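Q: Provide a 3D model corresponding to the input given below.
(chains A and B)
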2 protein chains.
Amino acid sequence: MSKVCIGIDLGGTFIKFALLDENMSVTGALQLPTPAEAGPDGVIESMISGATELLDHEGISAGDVTGVGIGSPGPLDLAAGVVIGMPNIPGFVNIPLRDRVGDGLGIRTVLENDANVAALGEYLCGSGKDTDVMVMLTLGTGIGGGIVIAGDLIRGAHGIGAELGHMIVEPDGEQCPCGLRGCLERYASASAVARYARKLIEQEGRKSILTEVLGRKGGIDAADVNEARHAGDDLAAKVWDRAISYLAVGCVNITRLLDPDLIVLGGGMAKAGDDLTEPLRRHFSRLHWTIDTQKTALTLASLGNDAGVIGAAGAAWKQFG
Amino acid sequence: MSKVCIGIDLGGTFIKFALLDENMSVTGALQLPTPAEAGPDGVIESMISGATELLDHEGISAGDVTGVGIGSPGPLDLAAGVVIGMPNIPGFVNIPLRDRVGDGLGIRTVLENDANVAALGEYLCGSGKDTDVMVMLTLGTGIGGGIVIAGDLIRGAHGIGAELGHMIVEPDGEQCPCGLRGCLERYASASAVARYARKLIEQEGRKSILTEVLGRKGGIDAADVNEARHAGDDLAAKVWDRAISYLAVGCVNITRLLDPDLIVLGGGMAKAGDDLTEPLRRHFSRLHWTIDTQKTALTLASLGNDAGVIGAAGAAWKQFG
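A: Take a look at the predicted model:
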């Protein structure tokens, strides 16, 4: 029996489980709804029972598991394995998640933040395979980040590095809930795209076919903006281009600091595919310095929503393998 | 006889040499003028003869030297050990500096860029001792950068990382010779401070006591601006504060990506001492996010102009020790 690691990706809607062998191949997977209403105890119980069910189904005993990796929203205290807080699950405050799940399963366990495990997943099994320095941006409600150098996640001295969505790209710009102004995620996240379109329509009375969508659906998202853009809507085109332009500034700054082989783009905005990457590559090239050739590539994530659970198992391999 | 490494810091004005033992203590040092007019051959000859002279003086044979580290301006091809170009020494184009010095001395040699060795020097023997993640900013004509994580320099996938002066801090801002607009070094380097003061006086006719200095000396530098500020000059105060404010944005972005223990400030601007660090810490705190306590410290470099030569020897210890 070859050894495996278990990855558990704790999200607000689903808990995902996967088994990863030492060749970084997924040999089993399971998904359960997150019983958020049951609070931390219920969620932890589901994490333990889901992992046990997956092992039983695959006929693997706990003794053949090298380790467990958990990817979790945060903030986290990585060294202590503690969830400091979790916006989507009420009551999840100062919970020693690593030890409670690890003790429940009787397997040594590592806790890592969700954006980091997604980056590690893409690095090990996705678009970042064969790179040495890889950065991932997850463009969703906010912008998450992960940095991998020579196989290792860069967490910083206090576990709060790779917060790529909170780079300042516009000094004195839009207010961010983090307390600062002008953070990248206020301009280039999926929700920033929708918010800016809505602002132009509702507060500035600008004309757009999105007005009709807004009236019909009561809201719009980044995909609506991209669709309107394809239908020739000028406002949508402007909104989309502005977001991508700021995203390119973020990618330039990442490149200046870390000189990655590759920046991988995931999250809701990445569903736009070439509609994201083509204009982004164009802006990134426009913003490239002229003193050296452009070396960093930009591409879409390839594991979709599975990057996190694969990377969580990968984090266990890194730690215990 | 305990082993040593030789550090050689190649600058436009001086070549510095130092011997560093395995306890990271400097056991000998030498400085020679850089014979720039003699071209690459003359400069390389001086590097070899200076290192030989230092070894002879200290009674150390080449066999007791673990390795040589060279810190050099660039751009460099680190993997090949080649200087691609050097602004201050004409003709220094595509010169295999590592192998020519190493072969001349008969000692294995590593080539590293000057900003990186300065950072490594501060990390090993200066302000960065006892840190895990340290970033150094050298505020001079431009802004150089160096990143050390767990003892290793972060060079990037193509050796062009840690170019901290070329982070974009003002989209569509001032044109930089690198080809982009709004780079940090256009706002926060020593020369940017002098340039902006001069622009306000000469192009906008603003009143300042610096006008007299400019007339008398034919030019002003960052120290003149700081002095005028102390004399109560409003324009100088505004110019200084603007530079520090942009520098704080750069420090915030470095902190978001890398979460360092410490950002070390060196170069000409750092001679201002508390006049640099006090307002910088104030702006850095003002720009700190509210979702977590501030953990990254800012401080002055402590090795002055010796950081490079010490770090060059340290790079040899890293590579060959």
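
Q: what about A:A313, distance to A:E112?
A: Between A:A313 and A:E112 the computed distance is 11 Å (CB to CB, to the nearest Å). C-beta coordinates here come from the backbone N, C-alpha and C atoms, glycine included.

Q: and A:R282, by the same measure?
A: 34 Å.

Q: tell me which of the two has more neighbours.
A: A:E112 (31 against 14; other CB atoms under 10 Å in any protein chain shown).

Q: chain B contacts on the stretch 51-200 of chain A?
A: Residues of the stretch 51-200 of chain A lying near chain B by CB under 8 Å from any CB of the partner chain: A:75, A:131-133, A:145, A:147, A:149, A:154-164, A:166-171, A:176-180.

Q: do that again at 6 Å, thanks
A: Selection of the stretch 51-200 of chain A residues close to chain B by CB under 6 Å from any CB of the partner chain yields A:132-133, A:156-158, A:160-161, A:163, A:166-168, A:171, A:178-180.

Q: how about stretch A:54-71 as PDB, C-alpha atoms only?
A: Extracted in PDB, the C-alpha atoms of stretch A:54-71 (Å, rounded to 0.1, in the frame of the first residue of the first chain):
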ATOM      1  CA  LEU A  54     -13.000   8.700   2.300                       C
ATOM      2  CA  LEU A  55     -10.300   6.500   3.900                       C
ATOM      3  CA  ASP A  56     -12.800   3.700   4.500                       C
ATOM      4  CA  HIS A  57     -14.200   4.000   0.900                       C
ATOM      5  CA  GLU A  58     -10.700   3.700  -0.500                       C
ATOM      6  CA  GLY A  59      -9.700   0.900   2.000                       C
ATOM      7  CA  ILE A  60      -6.900   2.900   3.500                       C
ATOM      8  CA  SER A  61      -6.100   2.700   7.200                       C
ATOM      9  CA  ALA A  62      -5.000   5.800   9.200                       C
ATOM     10  CA  GLY A  63      -1.600   4.200   9.500                       C
ATOM     11  CA  ASP A  64      -1.000   4.500   5.800                       C
ATOM     12  CA  VAL A  65      -1.700   8.200   5.900                       C
ATOM     13  CA  THR A  66       1.500  10.300   6.000                       C
ATOM     14  CA  GLY A  67      -0.300  13.500   7.100                       C
ATOM     15  CA  VAL A  68      -3.400  15.700   6.800                       C
ATOM     16  CA  GLY A  69      -3.300  19.200   5.400                       C
ATOM     17  CA  ILE A  70      -6.100  21.700   6.000                       C
ATOM     18  CA  GLY A  71      -6.700  24.800   3.900                       C
END
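
Q: can you list the buried residues in it?
A: Neighbour counts over stretch A:54-71 (16 or more other CB atoms under 10 Å in any protein chain shown) mark A:L54, A:L55, A:I60, A:V65, A:T66, A:G67, A:V68, A:G69, A:I70, A:G71 as buried.

Q: as JSON lines, these with pLDDT and secondary structure would be great.
A: Formatted as JSON lines, the buried residues of stretch A:54-71 follow (pLDDT from 0 to 100; DSSP: H, G, I helix; E, B strand; the rest coil):
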{"residue": "A:L54", "pLDDT": "98", "secondary structure": "helix"}
{"residue": "A:L55", "pLDDT": "97", "secondary structure": "helix"}
{"residue": "A:I60", "pLDDT": "96", "secondary structure": "coil"}
{"residue": "A:V65", "pLDDT": "97", "secondary structure": "strand"}
{"residue": "A:T66", "pLDDT": "98", "secondary structure": "strand"}
{"residue": "A:G67", "pLDDT": "98", "secondary structure": "strand"}
{"residue": "A:V68", "pLDDT": "98", "secondary structure": "strand"}
{"residue": "A:G69", "pLDDT": "98", "secondary structure": "strand"}
{"residue": "A:I70", "pLDDT": "98", "secondary structure": "strand"}
{"residue": "A:G71", "pLDDT": "97", "secondary structure": "strand"}
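
Q: and the furthest pair within the residues you listed?
A: A:I60 and A:G71 (20.6 Å; CB to CB).

Q: and the longest helix for chain A?
A: Counting residues, the longest helix found in chain A (DSSP state H) is helix A:234-258.

Q: ok now that helix, how far from the chain's centre?
A: What separates the centre of helix A:234-258 from the centre of its chain is 18 Å, taken as CA atoms, centre = their mean, to the nearest Å.

Q: now that helix and helix B:234-258, what's the angle there?
A: Orientation check (axes from the mean of the first three to the mean of the last three CA atoms, to 10 degrees): helix A:234-258 against helix B:234-258 gives 80 degrees.

Q: neighbours of the residue in the stretch 101-250 of chain A that chain B sits nearest to, how many?
A: Nearest residue of the stretch 101-250 of chain A to chain B: A:G156, at 2.2 Å (CB to the nearest CB). A:G156 sits with 24 neighbouring residues when counted by other CB under 10 Å.

Q: please apply the same query to A:L200.
A: A:L200 sits with 18 neighbouring residues when counted by other CB under 10 Å.

Q: helix or strand: which one has it?
A: helix A:190-202 (DSSP states H and E).

Q: distance check, A:G159 against A:G81.
A: According to CB to CB, A:G159 and A:G81 sit 11 Å apart.

Q: so where do the helices sit in the stretch 1-150 of chain A?
A: A:39-58, A:97-105, A:114-125 (DSSP state H, counting those that start in this stretch).

Q: now the shortest one: average pLDDT?
A: Mean pLDDT, helix A:97-105: 98.

Q: quick check: buried residues in that helix?
A: A:L97, A:R98, A:R100, A:V101, A:G102, A:G104, A:L105.

Q: repeat for the longest one
A: Neighbour counts using 16+ other CB under 10 Å place A:P40, A:V43, A:I44, A:S46, A:M47, A:I48, A:G50, A:A51, A:L54, A:L55 of helix A:39-58 among the buried residues.

Q: which residues does it contact?
A: A:6, A:8, A:15, A:17, A:28, A:30, A:32, A:35, A:91-92, A:95, A:100-101, A:104-105 (CB atoms under 6 Å, 6 or more residues apart in numbering or on different chains).

Q: cool, and the last one?
A: Residues from elsewhere that reach helix A:114-125 (CB under 6 Å, 6+ apart): A:24, A:71-73, A:128, A:134, A:136, A:138, A:144-146, A:148, A:153, A:264, A:301, A:303, A:307-308, A:310-312, A:314-315.

Q: which residues are contacting stretch A:178-188?
A: A:142-143, A:165-176, A:192, A:243, A:246-247, A:250, B:289-291.

Q: tell me how many other residues crowd A:H283.
A: By other CB under 10 Å, the burial measure for A:H283, its neighbour count, is 19.

Q: got a pLDDT number for it?
A: 97.

Q: check contacts around it.
A: Contacts of A:H283 (CB under 6 Å, 6+ apart): A:I244, A:S245, A:A248.

Q: checking it next. Helix, strand or coil?
A: Secondary structure, DSSP: H, G, I helix; E, B strand; the rest coil: A:H283 is helix.

Q: so how far is A:L298 from it?
A: 10 Å.

Q: contacting residues around the lowest-mean-pLDDT helix or strand in chain A?
A: Ranked by mean pLDDT, DSSP states H and E, the weakest helix or strand in chain A is strand A:76-77, scoring a mean of 91. For strand A:76-77, contacts defined as CB under 6 Å, 6+ apart pick out A:V83, A:I84, A:N113.

Q: what of stretch A:101-111?
A: Identification of contacts with stretch A:101-111 by CB under 6 Å, 6+ apart yields A:47-48, A:51, A:62, A:65, A:67-70, A:81, A:97-98, A:315-316, A:319-320.

Q: any idea how far it is from the middle of the chain?
A: 23 Å.

Q: please apply the same query to stretch A:22-41.
A: Using CA atoms, centre = their mean, the offset of stretch A:22-41 from its chain centre is 16 Å.

Q: and that stretch, end to end?
A: Using CA to CA, to the nearest Å, the end-to-end distance of stretch A:22-41 comes to 31 Å.

Q: mind listing what's buried in that stretch?
A: Buried-residue list, stretch A:22-41, by 16+ other CB under 10 Å: A:V26, A:G28, A:A29, A:L30, A:Q31, A:T34, A:A36, A:P40.

Q: my guess is A:G71 contacts A:A312. True?
A: Yes - when contacts are counted by CB atoms under 6 Å, A:G71 is listed as touching A:A312 (4.0 Å).

Q: all set, thanks.
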